[in-house]
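Trainee: quick one: sequence plus predicted model below, questions after.
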Amino acid sequence: MRLRDLLTYESIVVQCHDNPDADAIASGFGVYLYLKDQGKQVRFVYGGRYVVQKSNLVLMISELQIPIEHVEELAAPPLLVTVDCQYGEGNVTRFEAKEVAVIDHHQVSGELPRLHEVRSNLGACSTVVRDLLEKEGVDFNENRKLATALYYGLMTDTSGFTEISHPLDRDLRDDAAFERSMITRFRNTNLSLKELEIAGMALVGYDYNEECRYAVVEAKPCDPNILGMISDLILEVDVVETCLVYSVLPFGIKLSVRSCVKEVKASELAEVITEEIGSGGGHLEKAGGFIQMELLQKAWKGRPEEGNVGEFLKKRMKHYFQDTQVIHADAYEIDLCGMTLYKKRKIPMGFVKAAEIFAPGTTVCVRTLEGDLDVQIQQDIYIMIGVKGEVYPNKQEKFERSYQVLEEPYRFEGEYAPVVKDPLEGKPISLVPYARACVTTGESYIYVKEIQHRIKVFTEWDKEKYMLGRPGDYLAARRDDLHDIYVIHRDIFERTYERVEEGF
């Protein structure tokens, strides 16, 4: 998408996520200024229960004269542009609009509208907006306030530039003609005295689980950004690998979750903690959530011993860690006792010769309905596409032994077609146009057993991100390679495999 694509609309609302941070405010400001300069009627808004209170953000908005508004209602505009977030996500108030556009740098969380520009490989949405402006011939440095905002947005979203890797992020950092004195003031205005007191009291009252190396901390009601700051600080403690910081509000409980180990995805932990009583999500290392008070009270079912929020959350944390098995497939010796032999049904599938798209040696992120999968491209790696869009790598030797290539063209009929993120440009590339059809030869056999508790499998092909199996899913191992262990979701398993008769 180009910014010029938005110019067919005369009245436009730019919206960033609730409880906006510096990156959301800066990137929304950039889009607002572009549209304003093109003569459009434009507003810059955010929703949610909270008005921005964090000291550095209040100062940023004031000093840079950013015309952002907090709104509770919004008449449906001809075009609503969400910036640093995606329409329909849990962290952005859903306002009705005749058409929606999305500009973001987070992982895609659902179906995107026709107008969208999402670059998940960039460190901040500020970088996305700077690049979009540049493509329209706009020099962001001509407006020092905008340059300062975008620089600060990138700085705060990448932990002081320590997490940037893409050249476009480095370009923004190095090229911005920012007001140095303002950045210094913003950097040293992160906390009010009241927030310092809240953070200090929270840190003193931590609850630490030595066995599982996690901490649970309660903070007094405060700006949600303060919860994140407390979480970041707790995670810097040498013995803490995961933490949950929460604040009890009149209408619910706000959560901040952090993880610095690959065995725990912060986003998954937030989802588990809020399951059936709220919503949670985020990224691998940072996530958040919200628990609705009325749903929490129903979950207690009137049992007074569970009527304490802290004890309830600690119980969920403890259950999460105790009920989870972690499997590293390359070193795991699987016990076939209680496992049953199955073979794949002769259902057409897709396959792609990875080296025909990307150079061997590169690592790409394959995005599927089940999540993201990192694949290192090798000359003999095929990327298989299952019946619902599930994706997994396969060695050429195994493929030729287990599958027959079909002459008929491949047709994808799943819900979400898998895409690959170009490692250089960050653009999504659909695998479907490159796929050919194949069908099992009837020689693809696996041992399986139904999963009774949460299992995380680090497969042979991805040792940094785990496949999550929940009760009812299946743990599988190839008969010809017992270290090729993975998870098959229940609905996919029932559709694609059939049991082998005893005595086979």
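Mentor: Good, I have the coordinates.
Trainee: rest of the way, CA atoms for contacts and neighbours
Mentor: Will do.
Trainee: grab the longest helix from this structure for me.
Mentor: When the chain is parsed with DSSP state H, its longest helix is helix 22-37.
Trainee: just name whatever secondary elements that helix is in contact with.
Mentor: strand 11-16, strand 41-46, strand 79-83, helix 125-135, helix 144-157 (3 or more Cα pairs under 8 Å, 6 or more residues apart in numbering; DSSP states H and E).
Trainee: quick one, it and strand 41-46 angle?
Mentor: Here the directions of helix 22-37 and strand 41-46 differ by 170 degrees (axes from the mean of the first three to the mean of the last three Cα atoms, to 10 degrees).
Trainee: tell me the buried residues in helix 22-37?
Mentor: Across helix 22-37, burial judged by 16 or more other Cα atoms under 10 Å covers 22-35.
Trainee: give me the contacts around that helix.
Mentor: 7, 14-17, 41-44, 57, 66-68, 83-84, 124-126, 129-130, 133, 146, 149-150, 152-154, 156-157 (Cα atoms under 8 Å, 6 or more residues apart in numbering).
Trainee: chain center to it: distance?
Mentor: Relative to its chain's centre, helix 22-37 lies at 23 Å (Cα atoms, centre = their mean, to the nearest Å).
Trainee: for it, the averaged confidence score.
Mentor: The average of the pLDDT scores along helix 22-37 is 97.
Trainee: dump that helix to CSV, restricted to CA.
Mentor: Written as CSV, here are the backbone C-alpha positions of helix 22-37 (Å, rounded to 0.1, in the frame of the first residue of the first chain):
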residue,chain,number,x,y,z
ALA,A,22,5.5,6.7,21.9
ASP,A,23,5.8,4.6,18.7
ALA,A,24,2.0,4.6,18.2
ILE,A,25,1.8,8.4,18.8
ALA,A,26,4.8,9.2,16.6
SER,A,27,3.7,7.0,13.6
GLY,A,28,0.1,8.2,13.8
PHE,A,29,1.4,11.8,13.9
GLY,A,30,3.4,11.1,10.7
VAL,A,31,0.3,9.8,8.8
TYR,A,32,-1.8,12.6,10.2
LEU,A,33,0.7,15.3,8.9
TYR,A,34,0.9,13.7,5.4
LEU,A,35,-2.9,13.6,5.0
LYS,A,36,-3.2,17.2,6.4
ASP,A,37,-0.6,18.5,4.0
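Trainee: list the buried residues of the strand or helix carrying residue 401.
Mentor: Using DSSP states H and E, residue 401 falls within helix 396-402. In terms of neighbour count (16+ other Cα under 10 Å), helix 396-402 has its buried residues at 399, 402.
Trainee: now for the following helix or strand past it, which elements pack on it?
Mentor: Downstream of helix 396-402, the next assigned helix or strand under DSSP H and E is strand 403-405. With contacts taken as 3+ Cα pairs under 8 Å, 6+ apart, strand 403-405 sits against strand 436-440.
Trainee: helices or strands up against the strand it packs on?
Mentor: Looks like strand 436-440 contacts strand 349-353, strand 403-405 (3+ Cα pairs under 8 Å, 6+ apart).
Trainee: my read: residue 9 touches residue 81, true?
Mentor: No - using Cα atoms under 8 Å as the test, residue 9 is too far from residue 81 to be in contact (11.3 Å).
Trainee: give the next helix or strand downstream of the helix or strand containing residue 297.
Mentor: Using DSSP H and E, residue 297 maps to helix 293-300. Next along the chain after helix 293-300, taking DSSP H and E as the criterion, comes helix 309-322.
Trainee: next, the angle helix 293-300 makes with that next one.
Mentor: Using the same axes, to 10 degrees: helix 309-322 against helix 293-300 is 60 degrees.
Trainee: packing partners of whichever helix or strand comes after helix 309-322?
Mentor: Next helix or strand after helix 309-322 toward the C-terminus (DSSP H and E): strand 324-328. Strand 324-328 is packed against strand 454-458, with contacts defined by 3+ Cα pairs under 8 Å, 6+ apart.
Trainee: for the strand it packs on, what is the average pLDDT?
Mentor: Rounded mean pLDDT across strand 454-458 is 94.
Trainee: partner strands of it, parallel or antiparallel?
Mentor: Strand 454-458 has the following strand partners under DSSP bridges: strand 324-328 (parallel), strand 467-469 (antiparallel).
Trainee: quick one: distance of the last one to the chain centre.
Mentor: The reference is to strand 467-469. 16 Å.
Trainee: tell me where the stretch 351-500 of the chain has helices.
Mentor: 396-402, 490-496 (DSSP state H, counting those that start in this stretch).
Trainee: now do the longest helix of the chain against strand 11-16, angle only.
Mentor: 170 degrees.
Trainee: re the thing from before, how about JSON lines for the strands paired with strand 454-458, with mean pLDDT, mean neighbour count and distance to residue 335 added?
Mentor: Converted to JSON lines, these look like this (pLDDT from 0 to 100; neighbours: other Cα atoms under 10 Å; distance: least, Cα to Cα, whole Å):
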{"stretch": "strand 324-328", "mean pLDDT": "94", "mean neighbour count": "16", "distance to residue 335": "12"}
{"stretch": "strand 467-469", "mean pLDDT": "90", "mean neighbour count": "21", "distance to residue 335": "17"}
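Trainee: can you list those strands in JSON lines and add distance to residue 212?
Mentor: Formatted as JSON lines, the strands paired with strand 454-458 follow (distance: least, Cα to Cα, whole Å):
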{"stretch": "strand 324-328", "distance to residue 212": "11"}
{"stretch": "strand 467-469", "distance to residue 212": "19"}
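Trainee: nearest to residue 399, out of those?
Mentor: strand 467-469 (21.5 Å; Cα to Cα).
Trainee: which outside residues touch that closest one?
Mentor: Strand 467-469 is contacted from outside by 451, 453-459, 475, 486-489, using Cα under 8 Å, 6+ apart.
Trainee: out of the residues you listed, which are buried?
Mentor: Buried subset of those (neighbour count, 16+ other Cα under 10 Å): 451, 454-459, 475, 486-489.
Trainee: please enumerate the strands of the stretch 101-250 of the chain.
Mentor: 115-118, 207-209, 214-218, 242-249 (DSSP state E, counting those that start in this stretch).
Trainee: for the second one, packing partners?
Mentor: Helices and strands touching strand 207-209, by 3+ Cα pairs under 8 Å, 6+ apart, are strand 214-218.
Trainee: okay, the angle between the strand it packs on and helix 309-322?
Mentor: Strand 214-218 runs at 160 degrees relative to helix 309-322, counting by the same axes, to 10 degrees.
Trainee: how about strand 214-218 as CSV, C-alpha atoms only?
Mentor: The C-alpha coordinates for strand 214-218 follow below in CSV (Å, rounded to 0.1, in the frame of the first residue of the first chain):
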residue,chain,number,x,y,z
TYR,A,214,9.1,-16.9,37.7
ALA,A,215,7.8,-13.9,39.7
VAL,A,216,4.3,-12.6,40.3
VAL,A,217,3.9,-9.0,41.4
GLU,A,218,1.0,-6.8,42.3
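Trainee: quick one: that strand to strand 242-249, angle?
Mentor: 10 degrees.
Trainee: still on that earlier bit, mind telling me the two of the buried residues of helix 22-37 farthest from one another?
Mentor: 22 and 35 (20.1 Å).
Trainee: ok, now how distant is residue 14 from residue 160?
Mentor: Counting by Cα to Cα, to the nearest Å, the gap from residue 14 to residue 160 is 26 Å.
Trainee: okay, those two: which has more neighbours?
Mentor: residue 14 (22 against 13; other Cα atoms under 10 Å).
Trainee: pLDDT score assigned to the residue lying closest to residue 205 once chain neighbours are set aside?
Mentor: Nearest non-adjacent residue to residue 205, counting by Cα to Cα, 6 or more residues apart in numbering: residue 217, 6.6 Å away. We note a pLDDT of 96 for residue 217 in this prediction.
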